[in-house]
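Visitor: Sharing a model prediction with you, sequence too.
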Amino acid sequence: MTAGSRGDVAPFTGLGHGLSLAGHAVTLVTHGCFEPLVAGSGLGFHPLPVDPRAELESSRGRGLHRSATSAGKMLRAVGLARAALGRMTDDLIAAAEKNDVLLLAGSLGPVGHVIAEALRLPSMGAHLQPLSPTGEFAPPLLGGGHWGTAANRLAGHGVNLAVERVFSAAVPAVRARLGLSPARAGTGRRIRRGQRRPVHHGFSQLVVPRPHDWRPGLEVCGYWWPYDRFTRLPVDVRDFLDAGPPPVFVGLGSATVPDPGRLSDTIVRALRRAGLRGVIQRGWAGLGAAGEDMLTIGEVPHSALFPRMAAVVHHAGAGTTAAGLRAGVPAVPVPVQFDEGFWAERLVGLGVAPCAVPLRGLTTDALAAALVRATRDSLHRERARALGVRIREEDGVAPVLDAVDRLAGQ
């Protein structure tokens with residue numbers, strides 16, 4: 001069960017495919033608009049009614065652009081998520097009733113665990129970001145950084161309380177509907193309850209080492225790669241790649257922006273100033289470019305496209321960050337909001353990106369300078385290549401398979 005943007009869904013198609021190859025019958029429960037992602041994967045699909053793109057393009061969703069701070073965006077996102085969650089609970093319950101084990105993304109964890117408790121089903125977390133508090137870094141949902149050990153941990157608990165607020169209306173209703181007694185309030189009870197839940201994380205220890213102060217049961221597995229039915233690039237993309245030197249990919253994934261035309265012009269000017277060709281992905285931002293040195297594309301598997309790029313410019317979402325690392329090419333992260341600042345920081349710290357260029361401060365000069373450094377500094381290329389080799393050797397599915405086998409045997 002997962003909810004959110006494409007990046008919150010695609011990794012679970014690969015995880016589910018791996019579990020199905022091992023003999024499990026797997027159903028992906030998420031927004032109906034993402035059903036094409038499971039085609040050919042061997043997964044079942046149970047649609048949720050909310051369209052996340054429509055939510056982001058609503059007046060409430062556009063309000064995210066008016067928040068200049070991570071905390072402000074977090075507060076607006078809480079309101080957006082609360083409104084959407086109430087429309088999904090019926091389908092979450094219906095899907096759970098047909099299955100034996102629940103794997104829950106962080107976005108649906110609190111309500112999913114309540115459903116599992118009521119139906120007497122084993123459940124575990126399957127998270128794409130480190131959501132548990134730690135003293136080693138500030139909460140990724142607030143952009144990461146390091147505020148000091150005590151402040152990092154305190155902020156982590158604060159973010160978890162904010163996330164609980166998303167579910168504060170839905171969880172009591174679900175408990176009552178499924179015949180559970182009302183949950184007693186109190187931080188101590190929440191902590192004790194949380195200590196019993198296993199969580200597997202779909203990212204690499206090479207990128208985020210497991211924090212030393214995490215409790216037992218919080219495991220870092222390695223990346224879960226999206227299931228890609230098509231491994232060949234479209235003809236027009238192949239022709240463009242063959243017509244000149246490796247270009248730079250630019251895409252913002254599922255991020256939306258106030259002025260797509262203006263941003264597209266800035267990106268094209270920066271690419272040309274740096275002497276680079278560009279592959280521009282429309283995405284939810286609606287980017288585009290014209291000219292013989294630019295190609296605008298729709299959805300193309302990153303696993304097939306990124307290895308042929310000179311560098312990748314992206315919003316530093318968890319999934320796109322992983323795809324760039326897997327391909328072994330340098331990056332220029334352009335974080336927009338939430339955990340994207342955290343992943344951008346990781347890319348810079350690993351030496352595969354020269355710097356981050358946050359979207360709010362993006363200019364032609366700043367992006368062009370970063371592109372020159374990313375594509376002409378051999379150190380970034382070598383670090384990216386070497387890290388890509390190591391990440392491709394990891395098997396993020398195997399630890400989850402072992403855990404699911406144990407849960408299914410209970």
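Guide: Looks like it arrived, so ask away.
Visitor: List the buried residues for the longest helix along the chain?
Guide: The longest helix of the chain (DSSP state H) is helix 149-167. Using 16 or more other C-beta atoms under 10 Å as the burial criterion, the residues of helix 149-167 that qualify are 152, 153, 155, 156, 159, 160, 162, 163, 166, 167. Quick note: C-beta positions are derived from backbone N, CA and C, even for glycine.
Visitor: What ranges does the stretch 51-200 of the chain have for its helices?
Guide: With DSSP state H, counting those that start in this stretch applied, the stretch 51-200 of the chain shows helices at 52-57, 59-62, 70-85, 89-96, 109-119, 149-167, 170-177, 187-195, listed in chain order.
Visitor: how far off helix 170-177 does the fifth one point, in degrees?
Guide: Right, the one you point to is helix 109-119. Note on geometry: by axes from the mean of the first three to the mean of the last three C-alpha atoms, to 10 degrees, helix 109-119 and helix 170-177 are set 10 degrees apart in direction.
Visitor: Dump helix 109-119 to CSV, restricted to CA.
Guide: Extracted in CSV, the C-alpha atoms of helix 109-119 (Å, rounded to 0.1, in the frame of the first residue of the first chain):
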residue,chain,number,x,y,z
GLY,A,109,1.6,3.4,7.7
PRO,A,110,-0.5,4.6,10.6
VAL,A,111,-3.9,3.8,9.0
GLY,A,112,-2.5,0.6,7.4
HIS,A,113,-1.3,-0.8,10.7
VAL,A,114,-4.7,-0.1,12.3
ILE,A,115,-6.4,-2.1,9.5
ALA,A,116,-3.9,-4.9,9.9
GLU,A,117,-4.5,-5.0,13.6
ALA,A,118,-8.3,-5.2,13.1
LEU,A,119,-8.0,-7.9,10.5
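Visitor: where does residue 28 land in three-state SS?
Guide: strand (DSSP: H, G, I helix; E, B strand; the rest coil).
Visitor: just to revisit the earlier point, now the longest helix of the chain: mean pLDDT?
Guide: The average pLDDT within helix 149-167 is 85.
Visitor: Could you do stretch 303-312 as well?
Guide: Averaged across stretch 303-312, pLDDT comes to 96.
Visitor: Can you list the neighbours in contact with it?
Guide: Here stretch 303-312 makes contact (C-beta atoms under 8 Å, 6 or more residues apart in numbering) with 225-226, 228, 230-233, 237, 241, 245-249, 276, 279, 320, 323-324, 326-332, 371, 374-375.
Visitor: What is the distance between that stretch and the centre of its chain?
Guide: Relative to the chain's own centre, stretch 303-312 is displaced by 19 Å; criterion: C-alpha atoms, centre = their mean, to the nearest Å.
Visitor: Buried residues of it, list them for me.
Guide: By neighbour count with 16+ other C-beta under 10 Å, stretch 303-312 contains the buried residues 303, 304, 305, 306, 308, 309, 310, 311, 312.
Visitor: Pipe those residues into a markdown table and attach secondary structure and distance to residue 295 per row.
Guide: A markdown table is the format used below for the buried residues of stretch 303-312 (DSSP: H, G, I helix; E, B strand; the rest coil; distance: C-beta to C-beta, whole Å):
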| residue | secondary structure | distance to residue 295 |
| --- | --- | --- |
| 303 | helix | 18 |
| 304 | helix | 15 |
| 305 | helix | 11 |
| 306 | helix | 15 |
| 308 | helix | 12 |
| 309 | coil | 12 |
| 310 | coil | 14 |
| 311 | strand | 15 |
| 312 | strand | 15 |
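Visitor: Check what contacts stretch 42-51 and list those residues.
Guide: Residues contacting stretch 42-51 (C-beta under 8 Å, 6+ apart): 3, 13, 16-17, 20-21, 25-33, 35, 38, 84, 87-88, 91-92, 94-95, 98, 227.
Visitor: Okay, strands next: where are they in this structure?
Guide: 27-31, 44-48, 102-104, 123-127, 199-201, 218-220, 248-251, 278-281, 294-297, 311-314, 331-333 (DSSP state E).
Visitor: Alpha carbons only: can I get the fourth one in CSV?
Guide: Provided in CSV are the C-alpha atoms of strand 123-127 (Å, rounded to 0.1, in the frame of the first residue of the first chain):
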residue,chain,number,x,y,z
SER,A,123,2.2,-5.9,8.6
MET,A,124,5.5,-4.2,8.2
GLY,A,125,6.8,-0.8,7.0
ALA,A,126,8.3,-0.4,3.5
HIS,A,127,9.8,3.1,3.5
